[in-house]
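Engineer: any chance you could fold what I've pasted below:
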Amino acid sequence: LAKGTANQKLSMNSAANAVEWQTAAASKGPLQRKSQILTVGANGSTTVPSNDTKPQITEGVEFFTLACTAAASTNILTFDLDVNVSSSVGGADVFVSIYKNSTADPIASTMYEAANGNDFPEKVSFHFEQVAADTSANTYTVRIGGHTGTTGINQIQSGNARRGGGAVTSTFIIEEYLPE
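Structural biologist: Prediction:
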């Protein structure tokens, strides 16, 4: 076996009958990062039922859209949301869901009870990860909605007024990593 080069390691070949040089795995950092940062205030009144069914892609209001094509189907995709959500109704059950392409069911959801109707936004942070499963071009969307009333981001509901002059942000991030 000839000498390897920098950034190579010895590995068993796919037939499992000999060793060969392969390029070493990249660092533990992300292979790619997609992000969308919203500074505007926005809202909508499409609700999400508060029951024992999964939120559907037609429920709630779409606030984020990101395209992501994984480099390998075995890689890990992480999804991070940091959203300033407000509801016009105190006590409303508010759902935050991530959808892949046009699939009706979300790949992940979280919910909280809005404490402050017509008041300042509440911070909702949410992390989810999954195996990429394919190398197709996929579109991921985030929909947010309460079971009643109007739901918004980066604003208070009374007067639909943005706060902070664009310094208050809501963020959706997708990163791709090699499996461990």
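Engineer: show me the strands in this structure, by range?
Structural biologist: 8-12, 19-23, 32-38, 42-44, 61-69, 76-87, 93-100, 108-113, 122-131, 137-146, 151-153, 155-156, 161-162, 170-177 (DSSP state E).
Engineer: so what does the longest one touch, helix or strand wise?
Structural biologist: It refers to strand 76-87. Judged by 3 or more C-beta pairs under 8 Å, 6 or more residues apart in numbering; DSSP states H and E, strand 76-87 is in contact with strand 61-69, strand 93-100, strand 122-131, strand 137-146, strand 151-153, strand 170-177. From N, CA and C alone the C-beta is placed, and that goes for glycine too.
Engineer: out of these, which comes closest to residue 38?
Structural biologist: strand 170-177 (4.8 Å; C-beta to C-beta).
Engineer: need the winner for burial among the strands of the chain.
Structural biologist: strand 151-153 (a mean of 27; mean count of other C-beta atoms under 10 Å).
Engineer: where does pLDDT dip in this protein?
Structural biologist: Low-confidence segments of the chain (pLDDT under 70): 6-7, 24-27, 116-119, 158-160.
Engineer: ok, now with 80
Structural biologist: Low-confidence segments of the chain, defined by pLDDT under 80: 1-12, 14, 21-28, 116-120, 156-164.
Engineer: report the beta-bridge partner residues of the most centrally placed residue in it.
Structural biologist: With distances taken as C-alpha atoms, centre = their mean, residue 79 lies nearest the centre of the chain, 3.7 Å away. Counting by DSSP bridges, residue 79 is bridged to residue 128, residue 174.
Engineer: how about it, what does it touch?
Structural biologist: Residue 79 sits next to 98, 107, 108, 126, 127, 128, 129, 140, 172, 173, 174 when contact means C-beta atoms under 8 Å, 6 or more residues apart in numbering.
Engineer: ok, residue 174 to residue 135 distance?
Structural biologist: Using C-beta to C-beta, to the nearest Å, residue 174 is found at 15 Å from residue 135.
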